[in-house]
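**Student:** Quick check, what structure comes out for this input:
(one chain, ligands or ions: 1)
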Amino acid sequence: MNIELIKGDITKISADAIVNAANSSLLGGGGVDGAIHRAGGKQILEECIQIRNRQGKCNTGEAVATSAGNLPAKYVIHTVGPVWNGEEDKSSKLLEDCYRNSLQLAESLGIKTIAFPNISTGIYQFPKELAGKIAVETVKNFQAETIEKVIFVCFDDDNEKIYKKLLD
Ligand code: AR6
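**Tutor:** Below you'll find the predicted structure:
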């Protein structure tokens, strides 16, 4: 599995799947979630509503998939990161679940390339260094069968620096 770092906007990435840092409601929000729904159009929200009608809310650490509407990607994988509350062990495990469950769902869809934002490190205030370490370790430990490339998309300078160091 190749691991790549890109600085920029995940809505512009033409991977098979991009991951959304959503919330449990799956109905959109700010940050990368807002950007994905704005750029992808109403198709994504409609599919999120169907998922909610089927299974209820999406719990923290879990992942669900929709198509990607007007985005260059084929799928959006929506995962819900933990809100940082200082409970390091519990939050770290939930963040690890986000990455692992997203990768597993991608594999079940036969996906070859997947792009992740830095889940939980914006509005949810997870410490960026720790989040980066968890993201990179979880991806490296994943036994991939269909996935050939994972792209970490860093939007802010801090995360770009952290991921450069982690991936060196
Ligand atoms: N492309 C890539 N990364 C981005 C983009 C973008 N267009 N925009 C922001 N980021 P956040 P969270 C980065 O706040 O912390 C929403 O309201 C950003 O710099 O989007 O998981 C949801 O609905 C940061 O590094 O997500 C939830 O309620 C990273 O994406 C809540 O925010 C994550 O920041 C989730 O909070």
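
**Student:** helices or strands up against the helix or strand harbouring T138?
**Tutor:** Taking DSSP states H and E as the criterion, T138 maps to helix 128-141. The elements that helix 128-141 packs onto, with contact taken as 3 or more Cβ pairs under 8 Å, 6 or more residues apart in numbering; DSSP states H and E, are strand 2-7, helix 88-108, strand 149-154, helix 157-167. Quick note: C-beta positions are derived from backbone N, CA and C, even for glycine.

**Student:** Helix or strand next in line after the first one, which one?
**Tutor:** Stepping forward along the backbone from strand 2-7, the first helix or strand reached (DSSP H and E) is strand 17-22.

**Student:** Alpha carbons of stretch 64-72, in CSV - could you do that?
**Tutor:** What follows is stretch 64-72, C-alpha atoms only, in CSV (Å, rounded to 0.1, in the frame of the first residue of the first chain):
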residue,chain,number,x,y,z
VAL,A,64,-21.0,4.5,6.2
ALA,A,65,-20.7,5.1,2.5
THR,A,66,-22.6,7.1,-0.1
SER,A,67,-21.9,8.0,-3.7
ALA,A,68,-20.0,11.3,-4.2
GLY,A,69,-22.5,13.4,-6.2
ASN,A,70,-20.7,16.0,-8.2
LEU,A,71,-17.3,15.3,-6.7
PRO,A,72,-14.5,13.7,-8.7
